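Undergrad: Let's see this in three dimensions:
(one chain, ligands or ions: 1)
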Amino acid sequence: MVIYQNISLKPFNTFGIDVKADQFVEVNTVEELQVLCTTFNLAERKKLIIGGGSNILLTKDFDGMVIKMNLKGMDAIKEDHNFVWVKAMSGENWHRFVQFCVDKNWGGVENLSLIPGCIGASPMQNIGAYGVEIKDTFEELFAIEIESGKLVKFNHAECKFGYRESIFKQEEKNKYIIVAVTFKLAKHAKLNTQYGAIQDTLTSKGISNPSIKDISEAVIEIRSSKLPDPKVLGNSGSFFKNPEISNAQFQTLKAQFPQIPGYSLPNEITKVPAGWLIEQCGWKGKRVGNTGAHKDQALVLVNYGGATGNEIYQLALDIQASVQEKFGITITPEVNVI
Ligand code: EPU
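TA: The predicted structure is shown next:
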């Protein structure tokens, strides 16, 4: 395990922001991570754990230790007549894991095809797309407690999953490093095609009885058509979460903006697509210096090349302020601003 000094983080974040880390270390095994926690007293240090770097906006040089999780491997560890349990290490690429499952015809994560990032980050923010979240197939995870270096298991309930939320973003923030996640996949999967765009894509291909692979391919087609590839145009997926407002506030807004979309949730709550709100404020496709809101999906902020993290953050603040002013709704970042 080598600790490098003064390393550029540009290759390690999908926004492509060029800032430096005081110290940078790649971790390949659980044992290395435990050494880092105990011998190097990680609990007391300023630190940033990264996987694919697909959910961070770096606004300044990082005056601490960046730990890049590189633990690899995924395997079926148990199966019965109906299910198979696959354990994947945190540094595995998320989409590679999805393809591994799709190729074996194990169902449950096909709707999550092509999401950037690594396995370790997936439970942190309960990644989701096209009507599915990882909490739907999550079985358990293993994490290292930073303070003690001990390996700890978290079951489903203990993770307290919510919309782009888990205990690791709340009360247990910065206390654990996820090293492996086990998913329970179905051998006779019930497919989730309720999301309009998936249905439309399957229909346009003349598929009426889709397989797991058909769904995965449809999702790849939809995502590729409107979400920019970070390798081509720096971005971090959706920058903001979709806000949840009271049904009463939604009805008031509906009277003023009849086109406003909303999805009813339990407890008198309506979720409103932030992309629509941002587009209505005139940001879609708008370029500000080297930054902008993407032309096909206003919720995705992009780096046209050479933007600083602060320029992107300033754009995010301006967008936030205009949504607040026009609709009285506060949109909050999904991306971690550092
Ligand atoms: N919309 C607009 N203008 C836009 C973008 C969207 O009017 O510029 C409207 C669309 O017309 C649609 C609605 O907003 O009616 C929802 O749009 P979309 O289906 O693209 O989904 P989203 O709510 O913007 C969420 C996730 C995405 C995920 C998609 C598909 C969040 C924050 N984002 O986006 O996840 O891929 O649903 O399920 O929940 C991510 O988290 O990084 C991400 C890409």
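
Undergrad: make it CA atoms for all contacts and neighbour counts henceforth
TA: Will do.

Undergrad: By residue count, what's the longest helix in this structure?
TA: helix 309-327 (DSSP state H).

Undergrad: Quick check: phi and psi at I178.
TA: phi -70, psi 130 (degrees, to the nearest 10).

Undergrad: Quick one: name whatever helix or strand follows the longest helix of the chain.
TA: The element immediately downstream of helix 309-327 (helix or strand, assigned by DSSP states H and E) is strand 336-337.

Undergrad: Which strands or helices does that following strand pack on?
TA: Helices and strands touching strand 336-337, by 3 or more CA pairs under 8 Å, 6 or more residues apart in numbering; DSSP states H and E, are strand 56-57.

Undergrad: anything in the strand it packs on near the ligand?
TA: No - figure legend: strand 56-57 not in contact with the ligand (CA under 6 Å from any ligand atom); closest approach 11.1 Å.

Undergrad: average pLDDT for that strand?
TA: Strand 56-57 carries an average pLDDT of 98.

Undergrad: Show the contacting residues for the closest residue in space to V300 that isn't next to it in sequence.
TA: For V300, ignoring the flanking residues on the chain, the nearest one in space by CA to CA, 6 or more residues apart in numbering is S238 at 4.8 Å. Contacts for S238 (CA atoms under 8 Å, 6 or more residues apart in numbering) come out as L299, V300, L301, E334, V335.

Undergrad: Which secondary structure element is home to the spatially closest residue to T270 that is not a sequence neighbour?
TA: Closest residue to T270 apart from its sequence neighbours, by CA to CA, 6+ apart: S264 at 4.6 Å. Using DSSP H and E, S264 sits within strand 263-265.

Undergrad: now V66
TA: With DSSP H and E as the criterion, V66 is inside strand 62-69.

Undergrad: now that strand, how far from the chain's geometric center?
TA: Put simply, strand 62-69 sits 19 Å off its chain's centre (CA atoms, centre = their mean, to the nearest Å).

Undergrad: Packing partners of it?
TA: On a contact count with 3+ CA pairs under 8 Å, 6+ apart, strand 62-69 meets strand 20-27, strand 47-50.

Undergrad: and if we set it to 10 Å?
TA: strand 3-8, strand 20-27, helix 30-38, strand 47-50, strand 176-186 (3 or more CA pairs under 10 Å, 6 or more residues apart in numbering; DSSP states H and E).

Undergrad: roughly how far is the next helix-or-strand element following that strand from the heart of the chain?
TA: Downstream of strand 62-69, the first helix or strand assigned by DSSP H and E is strand 74-79. Centroid separation for strand 74-79 versus its chain: 24 Å, with CA atoms, centre = their mean.

Undergrad: Identify each buried residue in strand 74-79, please.
TA: Buried residues in strand 74-79, counted by 16 or more other CA atoms under 10 Å: M74.

Undergrad: quick one: that strand to strand 176-186, angle?
TA: Between strand 74-79 and strand 176-186, the angle comes out at 60 degrees (axes from the mean of the first three to the mean of the last three CA atoms, to 10 degrees).

Undergrad: Give me the contacts around strand 74-79.
TA: Strand 74-79 is contacted from outside by 84-90, 92, 96-97, 100-101, 180-187, using CA atoms under 10 Å, 6 or more residues apart in numbering.
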